[in-house]
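*Asks:* Next comes the sequence, and after it the predicted model I'd like to discuss.
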Amino acid sequence: MFGGMNTGSSGPDETVGTAADKDTEHEVLGTTVTEEGLGSKAPEFIKARRVLHLSWQVGIFIVGLAVVVVGIIMLPLPGPGWVVIFGGMAIWATEFVWAQLVMRWTKRKLTEAAQRALDPKVRRRNIILTSIGLVIIGVLLGIYLWKYGFVMPWKIGE
């Protein structure tokens, strides 16, 4: 009935086990991930009672969902939308294995991107492209000032 909630127990009388005890691998988003450290971060007295743990998970899901929805609303508005969305995912990751795996994948991809950005060849290319862009903007600004002088293109005084 509640198999998708990652409670970790298979029977009504079983206490919830931690996923850290498992040493299996899963294919997630094209990569193999081990289950070390995955699972509920709820206090032990909550994990020991199935109904309390299920209530805890529902509460965590609702709070995380609210934060993610606020982040989605913030995307077109001024504000840190993506940061808030990842904050909601982090809330979910305290309880749900799927969110923990998504967060691990995201961290790994961000680390790889940062390492690529720090690669000397990539840095040199980025510096060259930025310099070329600044030169083009400077030339266009110079042409504008030569042709029109220092006059704003709109008329504020009228």
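*Replies:* Everything's here; your move. Here the structure is a predicted model, which means the values were calculated and not measured.

*Asks:* Which segments of the protein make up each domain?
*Replies:* For the chain, the structural domains run 3-118, 120-158, going by automatic domain parsing.

*Asks:* In this structure V63 contacts T94, no?
*Replies:* No - when contacts are counted by C-beta atoms under 8 Å, V63 is not listed as touching T94 (9.9 Å). For glycine as for every other residue, the C-beta is placed from the backbone atoms N, C-alpha and C.

*Asks:* How confident was the prediction at T130?
*Replies:* Note on T130: pLDDT of 96.

*Asks:* Checking L38 next. Helix, strand or coil?
*Replies:* Classification of L38 using DSSP: H, G, I helix; E, B strand; the rest coil returns coil.

*Asks:* Name the helix or strand for K107, please.
*Replies:* helix 97-117 (DSSP states H and E).

*Asks:* And P76, which helix or strand is it part of?
*Replies:* Using DSSP H and E, P76 is not contained in any helix or strand.

*Asks:* Check the one 3 residues further on too.
*Replies:* Element membership for G79 (DSSP H and E) is empty, with no helix or strand holding it.

*Asks:* Report the angle between the helix or strand containing V139 and helix 97-117.
*Replies:* According to DSSP H and E, V139 maps onto helix 120-148. Calculated by axes from the mean of the first three to the mean of the last three C-alpha atoms, to 10 degrees, helix 120-148 forms an angle of 70 degrees with helix 97-117.

*Asks:* helices or strands next to helix 120-148 in the packing?
*Replies:* Applying 3 or more C-beta pairs under 8 Å, 6 or more residues apart in numbering; DSSP states H and E, one finds that helix 120-148 contacts helix 97-117.

*Asks:* So which other helices or strands are in contact with the one helix or strand W56 maps to?
*Replies:* Of the helices and strands defined by DSSP H and E, W56 is found in helix 50-74. Under the contact criterion of 3+ C-beta pairs under 8 Å, 6+ apart, helix 50-74 touches helix 44-47, helix 81-93.

*Asks:* Which parts of the longest one count as buried, going by neighbours?
*Replies:* Within helix 81-93, the residues scored as buried using 16 or more other C-beta atoms under 10 Å are 81, 84-89, 91-93.

*Asks:* Any regions of this structure where pLDDT drops low?
*Replies:* 1-37, 151-153, 155-158 (pLDDT under 70).

*Asks:* One more pass at 50, please.
*Replies:* Applying pLDDT under 50 to the chain flags residues 1-24, 26, 28-34.
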